[in-house]
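Asker: sequence below, structure please.
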Amino acid sequence: MFLFAEPPVNDIDDRQVLTDCVVHTKPHAADNARRHRVRVFPLFCTFIAFHGCPLRHVLQNQYVLLGIKLTYSQLYVKGKKGKGPDRLIFRGIYAMLLTMKELLRKLPAVDEVLKDKMAQQWLENHPRILVLDAIRTALAVRRRAVLQATDQDSVLKLDERFFSMAAILDQADDILRKLSEPSLRPVINATGVVVHTNLGRSILSEKAIERIVEVSRSYSNLEYDIAAGERGKRYIHVEGILRRLTGVEAATAVNNNAAAVLLCLNTLARGKEVIVSRGELVEIGGSFRVPDVMERSGAKLREVGTTNKTHFKDYEKAINENTGLLLKVHTSNYKIVGFTKEVSPQELVALGKKNNLPVMWDLGSGSFIDLAAYGAGSEPTVQQAVDSGVDVLTFSGDKLLGGPQAGMILGKKTYLDQIRSNPLARALRIDKLTLASVDATLTQYLDVEKAVREIPTLWMLTQPLSEIERKARLMAESIKNIDNKELSITIQDDTSQSGGGALPTGNFPTKTVCLRHNRLSANQIESHLRLGKPHIITRIKEGMVIFDPRTLNDEEIRKIVEAIDKMLTS
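Answerer: Just a heads-up that it's a prediction; the model follows:
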């Protein structure tokens, strides 16, 4: 930052000079300068003189006119002793610099702000580095406003309140609150997409949350056999309940289903061919593709059949001395209908036994109950997959199962022992909190009817339309009570989605609350709700903001109504 060594101009008011230069109160001076600009001054100078220029462009150790460097002393002399437009323009620039300097002097130092009582409270509750960042940012905002002032009016807007300690503290408090906010935070899902991948997929049940809190607050027997008093295995915490629910010989869990597939292929077919139907080479979210996972596992892809038809003989003909595995992939995120043919798991198991080859089934979503019985679409259950006789079965924990992110591996003990002994298993293993949550969620399936009521994902998928309509009416009436004549609220028939790459043909009738405003566009309303607190995620359809009560509870509906009320009153 520079310092002015010269005395201020004293034979003419600095603010008046600034006005003369920027607002053209002296037409003859403006005309002379326009003519003079072409011969002597560059566009930069006339921009300052007649159109205003951010002071940050002027605030340099020296600045250049026609390639000639002028120091502040020279600038002062030209403004004091120059003639004609030279004198007026240079005095105007100098006056702007003087005004800017006086404004910057009003800003307190960071140390001075830190001495305030409010700042001292911040230091007690927040890391010092965040407090300093907040204060410096608030001061930088004011410094930037001064340097970007372009004319007298913009300078005069920077009043005493703008530079006051109270205003600086208020803004720093807002900045500190944002800096202290966690990156991963809760949102309200009003989209009607139940297993919304972008919004964290399944909501955990209360019992799963309780188990996580319980285990996280103390040491645990994660890898300790209490009965034997020696080192244990972490997978036993999920193997017992999985065996009880499915009758499978052995089970383990890793951090997601992609990891489960990778681990199984690497263990059972590294360097060998894996035969899979071309119609089952699925891609899931994030451009994740089965062929890519297979390549990373070290196995070799051997496609058979066509997109819509694959026959038993296609697998049979593809088997050779280098075949390591027969793979079936459940197309959980799409369906091929019409002229189609696929080979059943039972047929593959028979073929595998005949050729002494293991058969693996990637089930994908992993439902433990027949959702068709609740009118929520049809998916093969985990129990049905185990009963098919496949040697290895994999599925997700955070989709239709309704638990945390995890990849389940079930199957014959001879193959599970190999999979658990693979060094990759350690790299892909899940932590104690996920184990606790998986265990609690799976245990709830011992009572299916209670599981449907208590596991949020299941309840949202299976809740009756009458319950959704009740919530829609509650929400609509509450919004109407805001009494805003420009607001229009209707309830319409619509369709929800399961999401999460599951139940692609599932039909979920719903009742949506549709909001329209005479002055605010749907995009404006959606943006306001999304950026507010709490963050409310909606969707837009036909110029209206849509709220689907399927994925909302009564408390969330209350918060949405409050947010709409606040938006309209502000």
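Asker: now the longest strand along the chain: buried residues?
Answerer: Of all the segments of type strand in the chain, defined by DSSP state E, the longest one is strand 487-499. Across strand 487-499, burial judged by 16 or more other C-beta atoms under 10 Å covers 487, 489, 491, 494, 496, 497, 498, 499. C-beta: built from backbone N, CA, C; applies to glycine.
Asker: of all these, which two lie farthest apart?
Answerer: Spatial extent of these (C-beta to C-beta) is set by the pair 487 and 498 at 31.4 Å.
Asker: ok, now which ones touch residue 187?
Answerer: Under the criterion of C-beta atoms under 8 Å, 6 or more residues apart in numbering, the contact list for residue 187 reads 199, 534, 535, 536, 537.
Asker: list phi and psi for it.
Answerer: The phi/psi pair for residue 187 (degrees, to the nearest 10) reads phi -130, psi 160.
Asker: now residue 324. Nearest residue, chain neighbours left out?
Answerer: residue 272 (2.8 Å; C-beta to C-beta, 6 or more residues apart in numbering).
Asker: scratch that, residue 397 is what I was asking about
Answerer: The shortest distance from residue 397 to any non-neighbouring residue, by C-beta to C-beta, 6+ apart, is to residue 406 (3.3 Å).
Asker: cool, residue 557 as well?
Answerer: Nearest non-adjacent residue to residue 557, counting by C-beta to C-beta, 6+ apart: residue 475, 4.8 Å away.
Asker: relative to strand 487-499, how tilted is the strand or helix carrying that neighbour?
Answerer: Applying DSSP states H and E as the criterion places residue 475 in helix 465-480. Here helix 465-480 runs at 150 degrees with respect to strand 487-499, directions being taken by axes from the mean of the first three to the mean of the last three C-alpha atoms, to 10 degrees.
Asker: how far out from the middle of the chain is helix 465-480?
Answerer: 28 Å (C-alpha atoms, centre = their mean, to the nearest Å).
Asker: packing partners of that helix?
Answerer: Helix 465-480 sits against strand 487-499, strand 508-517, helix 554-569, with contacts defined as 3 or more C-beta pairs under 8 Å, 6 or more residues apart in numbering; DSSP states H and E.
Asker: give me that answer again for 10 Å
Answerer: strand 487-499, strand 508-517, strand 544-547, helix 554-569 (3 or more C-beta pairs under 10 Å, 6 or more residues apart in numbering; DSSP states H and E).
Asker: let me know the secondary structure of the nearest residue to residue 371 once chain neighbours are set aside.
Answerer: Spatially, and ignoring its direct neighbours in sequence, residue 371 is nearest to residue 377 (5.6 Å; C-beta to C-beta, 6+ apart). Here residue 377 is coil, with the state taken from DSSP: H, G, I helix; E, B strand; the rest coil.
Asker: distance of residue 377 from residue 279?
Answerer: Between residue 377 and residue 279 the computed distance is 20 Å (C-beta to C-beta, to the nearest Å).
Asker: same question, residue 230
Answerer: Following C-beta to C-beta, the distance that separates residue 230 from residue 279 is 49 Å.
Asker: which of the two has more neighbours?
Answerer: More crowded of residue 230 and residue 279, by other C-beta atoms under 10 Å: residue 279, with 20 against 8.
Asker: rewinding a little: and of the helices and strands packed on helix 465-480, who's closest to residue 415?
Answerer: Of all the helices and strands packed on helix 465-480, the one in closest proximity to residue 415, counting by C-beta to C-beta, is strand 487-499 (30.9 Å).
Asker: orientation of that closest one relative to helix 554-569 in degrees?
Answerer: Angle between the axes of strand 487-499 and helix 554-569 is 140 degrees (criterion: the same axes, to 10 degrees).
Asker: give me the distance from strand 487-499 to the chain's centre.
Answerer: 24 Å.
Asker: likewise stretch 341-361?
Answerer: 41 Å.
Asker: output it as CSV, nothing but the C-alphas.
Answerer: Only the C-alpha atoms of stretch 341-361 are listed here, as CSV (Å, rounded to 0.1, in the frame of the first residue of the first chain):
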residue,chain,number,x,y,z
LYS,A,341,-34.5,-64.9,-23.8
GLU,A,342,-32.2,-65.4,-20.8
VAL,A,343,-30.7,-68.4,-19.1
SER,A,344,-31.9,-68.9,-15.5
PRO,A,345,-29.6,-69.2,-12.6
GLN,A,346,-30.7,-72.8,-12.1
GLU,A,347,-29.6,-73.7,-15.6
LEU,A,348,-26.2,-72.0,-15.1
VAL,A,349,-25.7,-74.0,-11.8
ALA,A,350,-26.4,-77.2,-13.6
LEU,A,351,-23.9,-76.3,-16.4
GLY,A,352,-21.4,-75.2,-13.8
LYS,A,353,-21.6,-78.5,-11.9
LYS,A,354,-21.2,-80.4,-15.2
ASN,A,355,-18.0,-78.6,-16.0
ASN,A,356,-16.7,-78.1,-12.4
LEU,A,357,-17.1,-74.3,-12.7
PRO,A,358,-18.4,-71.9,-10.0
VAL,A,359,-21.4,-69.8,-10.8
MET,A,360,-21.7,-66.3,-9.5
TRP,A,361,-24.8,-64.1,-9.4
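Asker: mind listing what's buried in the helix holding residue 475?
Answerer: Taking 16+ other C-beta under 10 Å as the basis for neighbour counts, the residues of helix 465-480 that come out buried are 468, 471, 472, 474, 475, 476, 478, 479.
Asker: so the third one touches residue 557, yeah?
Answerer: Yes: taking contact to mean C-beta atoms under 10 Å, the distance of 9.2 Å between residue 472 and residue 557 places them in contact.
Asker: how about the residue nearest to residue 324, phi and psi?
Answerer: Here the main-chain torsion angles of residue 272 (degrees, to the nearest 10) amount to phi -120, psi 170.
Asker: repeat that for residue 307.
Answerer: Main-chain dihedrals, residue 307, degrees, to the nearest 10: phi -60, psi -40.
Asker: then residue 394?
Answerer: Backbone torsions of residue 394, given as degrees, to the nearest 10, read phi -130, psi 150.
Asker: hang on, isn't it packed against residue 409?
Answerer: Yes: using C-beta under 10 Å, residue 394 is in contact with residue 409, at 5.5 Å.
Asker: what do the two both touch?
Answerer: When contacts are counted by C-beta atoms under 10 Å, 6 or more residues apart in numbering, the set common to residue 394 and residue 409 consists of 254, 257, 259, 260, 261, 263, 264, 360.
Asker: possible to save the residues you listed as JSON lines with pLDDT?
Answerer: Shown next, in JSON lines, are the shared contacts of residue 394 and residue 409 (pLDDT from 0 to 100):
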{"residue": "254", "pLDDT": "97"}
{"residue": "257", "pLDDT": "92"}
{"residue": "259", "pLDDT": "94"}
{"residue": "260", "pLDDT": "95"}
{"residue": "261", "pLDDT": "94"}
{"residue": "263", "pLDDT": "96"}
{"residue": "264", "pLDDT": "96"}
{"residue": "360", "pLDDT": "97"}
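Asker: helix or strand: which one has residue 233?
Answerer: Per DSSP H and E, residue 233 falls between elements, in no helix or strand.
Asker: for it, give me its contacts.
Answerer: Under the criterion of C-beta under 10 Å, 6+ apart, the contact partners of residue 233 comprise 222, 223, 224, 225, 239, 252, 420.
Asker: now residue 169: closest residue in space that isn't a chain neighbour?
Answerer: If the residues on either side of it in the chain are set aside, residue 169 comes closest to residue 118, at 5.2 Å by C-beta to C-beta, 6+ apart.
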